[in-house]
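1. What follows is a predicted protein model with its sequence.
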Amino acid sequence: DWLTHNRLYNEGGEGYNPFDKILNDEVERLAALPRWTKEQTQAKREAWNNDIRKMGSSITMLDVARLEQKHGFNLTLLKHEISKHNL
């Protein structure tokens, strides 16, 4: 694996795996791509917010977990998608 390669060769002063930059760049590129369209993101945000409002002010972590299961995504993912579309 790449971690073993890096530890072995960097320990001897040979430097890191030359493919790390390529792999890291590709991971960053893929992470920047939206998973949902702008319209889908807006709809998911609206549905999430409506469910949160229905719960009132005493929301527990269990309530949030149930919402995540119901909607099929978590709040962190929703926030990332909102920021990708500048909503």
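-> Received the coordinates, thanks.
2. buried residues in stretch 35-43?
-> Under the neighbour-count criterion of 16 or more other CB atoms under 10 Å, stretch 35-43 has Trp36, Thr41 buried. No exception for glycine: its C-beta is placed from N, CA and C like everyone else's.
3. for the chain, which spans come out with low pLDDT?
-> Where the chain drops to pLDDT under 70, the residues are 1-2, 7, 11-17.
4. Select the longest helix from it.
-> For the chain, the longest helix by residue count, based on DSSP state H, is helix 38-55.
5. what does it contact?
-> Identification of contacts with helix 38-55 by CB atoms under 8 Å, 6 or more residues apart in numbering yields 34, 36, 59, 63, 67, 70-71, 73, 75, 78, 81-82, 84-85, 87.
6. What residues sit buried inside the next helix or strand after it?
-> Using DSSP states H and E, the helix or strand that directly follows helix 38-55 along the chain is helix 61-71. Neighbour counts over helix 61-71 (16+ other CB under 10 Å) mark Leu67, Glu68 as buried.
7. Name the surrounding residues that touch the helix or strand following helix 61-71.
-> Following helix 61-71 in sequence order, the next helix or strand is helix 75-84 (DSSP H and E). Residues outside helix 75-84 that contact it (CB under 8 Å, 6+ apart) are Ala32, Leu33, Pro34, Arg35, Trp36, Thr41, Lys44, Arg45, Trp48, Val64, Glu68.
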